[in-house]
Each structure stands twice: as C-alpha cells, then as structure tokens.
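A.B. asks: Predicted model, plus sequence, below.
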Amino acid sequence: MTVSRRKFFINLGKTAGYLALVTSLPQLAWAKWSEKAFTATSLDAAVKAKYGDLPIVDSSEVKLKAPAIAENGAVVPIKVKTDLANVKSISLFVKDNPSPLVTTLHIGPSSLADIQIRIRMGKTSEVTALIEADGKLHRATQQVKVTIGGCGG
Amino acid sequence: MAAIKVKVKAKEKSGIVKAKMLIKHPMESGMRKDKDGKLIPTHHLKEVSVEYKGEVVLQAEIGTGVSKDPFIAFSFKGTKDETFKVTVLDSKGMTGNAEVKIK
C-alpha cells in the first residue's frame, strides 16, 4: 500500500497527538487544574470547558488593561480590575494562542479583584478577560498587536 | 529536587495588602525546539496558592500561556506585620513556598 504524502503527515500528527496525551496523563493527578480547559485549542471550547454554560455579558465594569502594541510577545503585562461584588474567579484568554486559556485566578472573599500578570502571546490577537461573579461571566476584550511572537523558539 | 524559588513582597496601606510575586521558572511551553530540532517537553507552573489566616486568598491555575519567570500582583484585606504563605506547584511535581511578612 502506498501512503500519500498528505496521509503520512496526517498520521504523523495523530501519533504525536496520542503521544502527547499519554505522556501528559500523570499530570491528571491534580484534579483542580482544569486539564480540559488548558488543552482546548479554540477560545469557545476553552471557555466552555472552564465555565460550562454560564451566560456571558459584555461589561464595562471589567477593567482590562493591556498594551495596544506589545513589542515582545513573550512578556505582555496584563492588568484586570473590577468593582463588581462577589467575584469568584478571573480568567484570561488569548484567542489566537495554541491554547487560549492562559490562567484562572480564584479569588477569596477577602481579596480584591485587582490583579496583574505577565502573559505570552504567539501573535497579534484579542485578549479576553472573564470575571465570574454572581453566576455570570463578565467579559472585556482588547486587541493586542504583537511584533515578535513569544510562543515558539 | 530543587525547590522553586518564590519571591514575594507585600505592603499594607489602609487595610489593603498589595503583594507582588515573582516565581523563578522556565515555563517551557512545549513549542520550543532544542538545537537538534526536537521539541522541548512542557514544563510549566500549574498552581499557585496564597493563604492568609487559614483562608485561601488567591488560588491560580496557570497554563503555558504565562510568561517565563511569572509575575503576579494581587491584593487582599490584611494587616501589617502578619504573615501569609505562598505555595507553588509545577507540572513535574516540583514545589516551592514562601512565608511573607506584610510590611
């Protein structure tokens, strides 16, 4: 049987995928870390895996501060702040990253929803902050232009 | 196994503690290649938790999208001269912790 070049590459990709899956299995030991959400490859899938079907509303209460142009994608400083009450968690997503979910920060009752974190961006993309409060997801999105990508070598 | 280095500074001002945390970690994304063209396996931080007076004030789930040597700033209600605890865990099971006094 001859294998076409295209098929060969498809199979190669599949094998690599399985290998990655198998080698990452021991990591499942930490149940809290949402494996599924972090390995999702699209923004919608990542949001769904993380938060299920919680309704999303665009909110001006979510203050997302990101640079309009990031020279170096390896280090993009992001600030998220909100005055909303009962904040449970803050998640950051980069739409065009290989895995969109960057981080989820669970906030305790006596902490303030005011965080800063440095993230990586592969290329120019939208950065989305979701804040979980009162059974709703409050969303803010900002476009960040990246001059040099920060994901590959 | 060497422990992960965690550096934290915290300052209190009118009841609010502002803390800055720097964690020394390579954060390999699994996308980078070594000089032989082989992919470097992922090695990243997974969890960071901050405990103050028995309460978890921050519990972060971290993926490969966070920069090398992660920096996280956060704030919570607290008082001066008290201490809080930071623990971190990475994908290889390495841990690190720090006891921080609020200034």
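C.D. replies: Yep, that arrived. What you see is a predicted model, and the numbers here were worked out from it, not measured in a lab.

A.B. asks: For chain B, give me the ranges with low pLDDT.
C.D. replies: Along chain B, segments meeting pLDDT under 70 span B:1-2.

A.B. asks: Pull up the residues of it that are close to chain A.
C.D. replies: Counting by CB under 8 Å from any CB of the partner chain, chain B comes close to chain A at B:16, B:29-33, B:41-42, B:46-47, B:52, B:55-68, B:70-78, B:89, B:91. Every C-beta, even on glycine, is put in place using the N, C-alpha and C of the backbone.

A.B. asks: how about 6 Å then?
C.D. replies: Selection of chain B residues close to chain A by CB under 6 Å from any CB of the partner chain yields B:29, B:31-33, B:46, B:55-63, B:65-67, B:71-77, B:91.

A.B. asks: Name only those of those that count as buried.
C.D. replies: Neighbour counting by 16 or more other CB atoms under 10 Å in any protein chain shown classes B:29, B:31, B:46, B:57-63, B:65-67, B:71-76, B:91 among the residues of chain B next to chain A as buried.

A.B. asks: Point out the ones among these that are inside strands.
C.D. replies: Taking DSSP state E as the definition of strands, these contribute B:46, B:57-62, B:71-76.

A.B. asks: Quick check on A:Phe9: phi, psi?
C.D. replies: When read as degrees, to the nearest 10, the backbone of A:Phe9 gives phi -70, psi -40.

A.B. asks: Now do it against chain B, distance only.
C.D. replies: Distance from A:Phe9 to chain B, counting by CB to the nearest CB, to the nearest Å: 16 Å.

A.B. asks: what's the neighbour count on that residue?
C.D. replies: For A:Phe9, the neighbour count with other CB atoms under 10 Å in any protein chain shown is 11.

A.B. asks: repeat for A:Arg120
C.D. replies: For A:Arg120, the neighbour count with other CB under 10 Å is 25.

A.B. asks: same deal with A:Glu126?
C.D. replies: Close neighbours of A:Glu126, defined as other CB under 10 Å, add up to 15.

A.B. asks: Setting the sequence-adjacent residues aside, check what's closest to it.
C.D. replies: A:Lys95 (4.5 Å; CB to CB, 6 or more residues apart in numbering or on different chains).

A.B. asks: Would you check that that neighbour makes contact with A:Val127?
C.D. replies: No - using CB atoms under 6 Å, A:Lys95 makes no contact with A:Val127, being 7.7 Å away.
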